[in-house]
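1. I need the structure of the sequence given here:
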Amino acid sequence: VTGVKSVVAHTAVTNLCGNFYQVYTTTSKTTSGSNPLILRVVFLACSPVLTCALHTNRQATIKGTQNTPYDGLSYSLTLAFPANYPCSPPVIKFVTPCFHPNVDVHGNICLDILKDKWSAAYSVSTILVSLRSLLGEPNNASPLNAVAANLWDNQEEYRTTMLQKYKEAGGVVAADEDKK
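-> Got it, this is the predicted structure:
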């Protein structure tokens with residue numbers, strides 16, 4: 001846009017509960033003297049366990065939940081925020097290939113809060129926690145990956161297939177995780 005300079009500020013604050021929040025704000029100022037502001041804030045609460053991490057306002061990592069087939073695995077995601085965020089959900093995709101009933105081969109995710117159940121009240125942290133939960137509790141009634149959905153009931157066969165695909169995609173599996 002002609003005459004617009006973007007300034008990105010990064011601030012870190014701690015709330016009363018001790019959670020760390022990274023706040024990214026984007027402000028746009030016109031060079032013609034008027035000063036309309038466009039503000040976009042992305043919050044991330046990091047737990048002491050660091051099971052979710054926002055690297056920038058466009059990439060994140062989630063770790064598989066314990067006692068699920070994804071335990072010990074790590075997945076990279078991209079986050080794209082539309083111009084009308086937070087009124088519309090971000091577009092989130094798996095970069096690390098993820099064999100899962102609700103994730104297709106292109107990394108697209110079928111999760112209701114990223115579609116018709118979206119609320120502007122959802123933070124990035126809420127979304128990442130929901131995605132971790134989805135890994136262990138897929139919605140097999142609405143699969144994007146029918147093969148994964150069909151294997152889900154046999155957790156041993158599912159984990160074997162999922163680990164094979166994870167390794168083929170370059171994922172690193174700890175030796176003790178490989179034996180589960």
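2. for the chain, which residues score under the pLDDT cut-off?
-> Residues of the chain that meet the criterion pLDDT under 70 lie in 1-57, 174-180.
3. now the strands: where do they sit in it?
-> 4-14, 20-30, 45-46, 52-54, 59-63, 74-80, 91-94 (DSSP state E).
4. in the protein, which spans are helices?
-> 124-136, 146-151, 155-168, 175-178 (DSSP state H).
5. format these as CSV; extra columns: mean neighbour count and distance to Val103.
-> The C-beta positions use only the backbone N, C-alpha and C, and glycine is treated the same way. Formatted as CSV, those follow (neighbours: other C-beta atoms under 10 Å; distance: least, C-beta to C-beta, whole Å):
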stretch, mean neighbour count, distance to Val103
helix 124-136, 19, 9
helix 146-151, 16, 8
helix 155-168, 15, 11
helix 175-178, 10, 20
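6. is it possible to export these to CSV including distance to Pro101?
-> Shown next, in CSV, are the helices of the chain (distance: least, C-beta to C-beta, whole Å):
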stretch, distance to Pro101
helix 124-136, 9
helix 146-151, 4
helix 155-168, 9
helix 175-178, 21
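7. ok, Pro82 - contacts?
-> Ser88, Pro89, Pro90, Val91 (C-beta atoms under 8 Å, 6 or more residues apart in numbering).
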